[in-house]
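**Q** fold the following for me, if possible:
(one chain, ligands or ions: 2)
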Amino acid sequence: MSPVKIGIIGGSGLYKMEALKAVEEIQVDTPFGPPSDALIQGNLDGTPVVFLARHNRHHTILPTELPFRANIYAMKSLGVEYIISASAVGSLKAAAKPLDMVIPDQFIDRTRNRISTFFGEGIVAHITFGDPVCPQLSQIITESAQSLQLDGIDVHAGGTYVCMEGPAFSTKAESHLYRSWDATIIGMTNLQEAKLAREAEIAYATLALVTDYDCWHPDHDSVTVEMVIGNLHKNAENAQKVVREAVRRLSHNPPESDAHNALKYGILTPLDQVPDATKQKLQCILAKYL
Ligand SMILES: CSC[C@H]1O[C@H](OP(=O)(O)O)[C@H](O)[C@@H]1O
Ligand SMILES: Nc1ncnc2[nH]cnc12
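**A** Ligands and ions are numbered 1, 2, ... in the order given. Next up, the predicted model:
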């Protein structure tokens, strides 16, 4: 099998890709501990991909507890160059209604104390993050979603994803605050993934699937797990269709992405000053520069 270049991270509701063939479960060990679950390697309509259930296939891991570094490192170690993330989100705009899809192009970080870098321990690096997702991969996802013309579902290209700590949902004051910031959607997981993927020189983009109007909307009840779950099943079906189409397009025409050279000017520490143990630990991320 040729090296896997496309990774899929499935969020709440998307615990497996039904169409994945010839699957092999890979238990990857990383210097950052085990990933959320075994990585499922297989092929989607002939294209090799690797799938990971973000919260574990049994949904056992809180957003705060997610092993973000292990998840991205594991993908990198399998040769992944593009990650498509599928995520459940609340909507902060009337126009993005439940079951709609949003392909965000910005993030606001409202998490606390989450580790969102591979660096430290003798190596300093700073990546550019002004455009936190890969525009080319986002465009492929957007066009894939649009091409399916799913009944009653609007596809919103661009938008700002607020990443909150959770697990409790927002207060109304917070929800209104994020709306005053012109944010589009809210979730609990994608910001750290996007940063770490960039550090690992993996192009990353998100397909966000709206489950609720959070708690700001005067005509809708505040978000509950019951409400989210009510829409998750439909969203998971739609997400699989979009991801499948995106993988097809990506495999025919894998785009150049700035993310693939994100560390070119990012590492400040002369590599001969980096402790061997750190070089060893980050081997699969630094390999091209060592
Ligand atoms: C089940 S509602 C809250 C939960 O769903 C989203 O997860 P994911 O991004 O993995 O789909 C949200 O970020 C929260 O973690
Ligand atoms: N309203 C919401 N807030 C945060 N994460 C969510 N995931 C789904 N709906 C959400």
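
**Q** who are the packing partners of the helix or strand containing residue 139?
**A** Assessed by DSSP states H and E, residue 139 sits inside helix 135-148. Helix 135-148 is packed against strand 82-91, strand 101-103, strand 155-157, strand 203-212, helix 225-252, with contacts defined by 3 or more CB pairs under 8 Å, 6 or more residues apart in numbering; DSSP states H and E. Backbone N, C-alpha and C define where each C-beta goes, glycine included.

**Q** other SSEs contacting the first one?
**A** For strand 82-91, the elements it packs on are strand 6-10, helix 135-148, strand 185-187, helix 190-199, strand 203-212, helix 225-252, judged by 3+ CB pairs under 8 Å, 6+ apart.

**Q** and it, does that touch ligand 2?
**A** Yes - using CB under 6 Å from any ligand atom, strand 82-91 reaches ligand 2 at 88-90.

**Q** between the helices and strands packed on strand 82-91, which one is closest to ligand 1.
**A** Between ligand 1 and those, the shortest separation by CB to the nearest ligand atom is 3.5 Å, and it involves strand 185-187.

**Q** for the chain, which residue gets nearest to ligand 2?
**A** For the chain, CB to the nearest ligand atom, closest residue to ligand 2: residue 90, 2.3 Å.

**Q** would you map the helices across the stretch 1-150 of the chain?
**A** 68-77, 135-148 (DSSP state H, counting those that start in this stretch).

**Q** what about residue 222, how many neighbours?
**A** Neighbour count for residue 222, taken as other CB atoms under 10 Å: 17.

**Q** give me the distance between the closest residue to it other than its chain neighbours and ligand 1.
**A** Take residue 222 and drop its neighbours on the chain: the residue closest to it by CB to CB, 6 or more residues apart in numbering is residue 215, 3.7 Å away. Using CB to the nearest ligand atom, to the nearest Å, residue 215 is found at 13 Å from ligand 1.

**Q** returning to that earlier point: nearest residue to the residue of the chain closest to ligand 2 other than its sequence neighbours?
**A** residue 214 (3.7 Å).

**Q** can I take it that the one you found is in a helix?
**A** No - applying DSSP: H, G, I helix; E, B strand; the rest coil, one finds residue 214 to be coil, outside a helix.

**Q** check what pLDDT the closest residue to residue 28 other than its chain neighbours gets.
**A** Nearest non-adjacent residue to residue 28, counting by CB to CB, 6+ apart: residue 74, 4.0 Å away. As predicted, residue 74 sits at a pLDDT of 98.

**Q** what sits against residue 74?
**A** 28, 30, 35, 39, 52 (CB atoms under 8 Å, 6 or more residues apart in numbering).

**Q** change it to 6 Å
**A** 28, 30, 35, 39 (CB atoms under 6 Å, 6 or more residues apart in numbering).

**Q** isn't the last one up against residue 52?
**A** Meaning residue 39. Yes - applying CB atoms under 6 Å as the test, residue 39 and residue 52 come out as touching, 5.3 Å apart.

**Q** would you convert the helices and strands packed on strand 82-91 into JSON lines that also reports mean neighbour count?
**A** Formatted as JSON lines, these follow (neighbours: other CB atoms under 10 Å):
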{"stretch": "strand 6-10", "mean neighbour count": "26"}
{"stretch": "helix 135-148", "mean neighbour count": "20"}
{"stretch": "strand 185-187", "mean neighbour count": "27"}
{"stretch": "helix 190-199", "mean neighbour count": "26"}
{"stretch": "strand 203-212", "mean neighbour count": "28"}
{"stretch": "helix 225-252", "mean neighbour count": "18"}
